[in-house]
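J.: After the sequence you'll find the predicted model.
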Amino acid sequence: YNTQQGTTFDGTDSRVTPMAAVELRYPMQRTTAGGVAHLLEPVAQLAWSESAGDEVPVEDSAIVEFDEANLFALDRFPGHDTREEGRRLNLGLTYTRIAPTGWSLGLTGGVVLRDRDMMQFTQGSGLSGTQSDYLVAAHVQSSDGLMAVNRAIFDQGLDFTSNELSLAWMTDDTDLMSTFTFLEADPGEGRPLDTSEWALDASYDFTDSWEACLNWRYDFAEDEATRAELALSYTNECAEFAFTMARRFTNSPTLDPTTEFGLTVQLNGFGASRNGRSHDRSCMR
């Protein structure tokens, strides 16, 4: 790492982080006479890593997300300027049910055990201490476009560190998604108060050319809406025209509620795509 004109770091610093892990998986599968498949997979992973060398500035690893995607990762920091250290045992259990009718169910649970606390993670990350919070994730998807996903992190006292619930419905002409997010206060991540927000995103295609979109954000902690946006777009073979109206409701000593109007024009036929939307004709070139 080479840092210049820094307040704390200046010059060249070097660091090396060796990592090693051994992992055991035991998948068990069963298929019923009706064609429904059940998959149960317990996983145990013993991992170790240590860093040696100089301290470096932390810029891209300040916020850590603990989820089922990195439950068995050797390093859960999103960047490279901080590496997860110490010996830990990662335990997880996954269950999946897939029906021939087109709907599926998935459940994942996990926990991280450490021989000692390396003091690398904040309380709000769910990874602090010698035992992490419990991670439970579930998703359900049907054949007609309905989908529900929930990811929860809670401690031994069943107090939630974070929880996110998403509901979605997608068809050929309609996309609808609603998300509720709760995050425990964590000053280490720049979040002094609990965060509780509801978001709604919707779009509808009237025709191959006309589309309307709606976005809405509501802050339960402040008990007020934070942002709303409405967009209407028209697309033909040569161009896309979009009109937007957005309202920011939040009020602070330096910012007042504002309403913005926008009009954009984008030329098509030069490599731009419309998310799979097609027209019968192509723009003359």
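T.: Right, received. Where do you want to start? Numbering: from 1, shown residues only.

J.: C-alpha from now on. contacts and neighbour counts both.
T.: Will do.

J.: and Phe243, what is it in contact with?
T.: 231-233, 261-264 (Cα atoms under 8 Å, 6 or more residues apart in numbering).

J.: mind redoing it with 10 Å?
T.: Contacts for Phe243 were tallied using Cα atoms under 10 Å, 6 or more residues apart in numbering; they are 212, 230-234, 261-265.

J.: same thing with Asp201?
T.: For Asp201, the contact set (Cα under 10 Å, 6+ apart) comprises 168, 175-179, 213-217, 228-229.

J.: Buried subset of the contacts of Phe243, written for PyMOL?
T.: PyMOL command restricting the contacts of Phe243 to the buried ones, with burial defined by 16 or more other Cα atoms under 10 Å:
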select buried, resi 212+230+231+232+233+234
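
J.: Out of the contacts of Phe243, the closest to Leu183 would be?
T.: Leu230 (27.2 Å; Cα to Cα).

J.: Quick check: which element contains that closest one?
T.: If you go by DSSP states H and E, Leu230 is part of strand 224-235.

J.: quick revisit: same list, the contacts of Asp201, but as CSV with distance to Glu23 and neighbour count please.
T.: Compiled in CSV, the contacts of Asp201 are given as follows (distance: Cα to Cα, whole Å; neighbours: other Cα atoms under 10 Å):
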residue, distance to Glu23, neighbour count
Ala168, 35, 18
Asp175, 40, 16
Leu176, 39, 17
Met177, 37, 18
Ser178, 37, 18
Thr179, 34, 18
Cys213, 46, 18
Leu214, 45, 18
Asn215, 43, 17
Trp216, 43, 18
Arg217, 42, 21
Ala228, 47, 19
Glu229, 47, 18
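
J.: So which of those residues is the closest to Ser51?
T.: Ser51 has its nearest neighbour among the contacts of Asp201 in Thr179, at 38.3 Å by Cα to Cα.

J.: Now for that closest one, which secondary structure element holds it?
T.: strand 174-183.

J.: hang on, the earlier thing: what's downstream of the strand holding Leu230, the next helix or strand?
T.: Of the helices and strands lying after strand 224-235 in sequence (DSSP H and E), the nearest is strand 239-248.

J.: buried stuff in that following strand?
T.: For strand 239-248, a neighbour-count test (16+ other Cα under 10 Å) marks 240, 242, 244, 246-248 as buried.

J.: got a list of contacts for whatever helix or strand comes next after it?
T.: Using DSSP H and E, the helix or strand that follows strand 239-248 in sequence is strand 258-267. Residues lying outside strand 258-267 but in contact with it, judged by Cα under 10 Å, 6+ apart, are 227-251, 272, 283.

J.: what about strand 258-267, average pLDDT?
T.: Regarding strand 258-267, the rounded mean pLDDT is 91.

J.: Next: stretch 40-52.
T.: This predicted structure assigns stretch 40-52 an average pLDDT of 96.

J.: Report the distance from that stretch to the chain centre.
T.: Counting by Cα atoms, centre = their mean, to the nearest Å, stretch 40-52 is centred 22 Å from the centre of its parent chain.

J.: Using PDB, write out every CA atom in that stretch.
T.: Listed in PDB are the C-alpha atoms of stretch 40-52, where the atom choice follows Å, rounded to 0.1, in the frame of the first residue of the first chain:
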ATOM      1  CA  LEU A  40     -30.600 -31.400   3.400                       C
ATOM      2  CA  GLU A  41     -27.000 -30.400   3.700                       C
ATOM      3  CA  PRO A  42     -25.100 -29.800   7.000                       C
ATOM      4  CA  VAL A  43     -21.800 -28.000   6.600                       C
ATOM      5  CA  ALA A  44     -18.900 -27.600   9.100                       C
ATOM      6  CA  GLN A  45     -15.900 -25.500   8.200                       C
ATOM      7  CA  LEU A  46     -12.700 -24.900  10.300                       C
ATOM      8  CA  ALA A  47     -10.900 -21.800   9.100                       C
ATOM      9  CA  TRP A  48      -7.700 -19.900  10.100                       C
ATOM     10  CA  SER A  49      -6.000 -16.800   8.900                       C
ATOM     11  CA  GLU A  50      -3.500 -14.300  10.400                       C
ATOM     12  CA  SER A  51      -2.100 -11.000   9.100                       C
ATOM     13  CA  ALA A  52       1.500 -10.000   9.400                       C
END
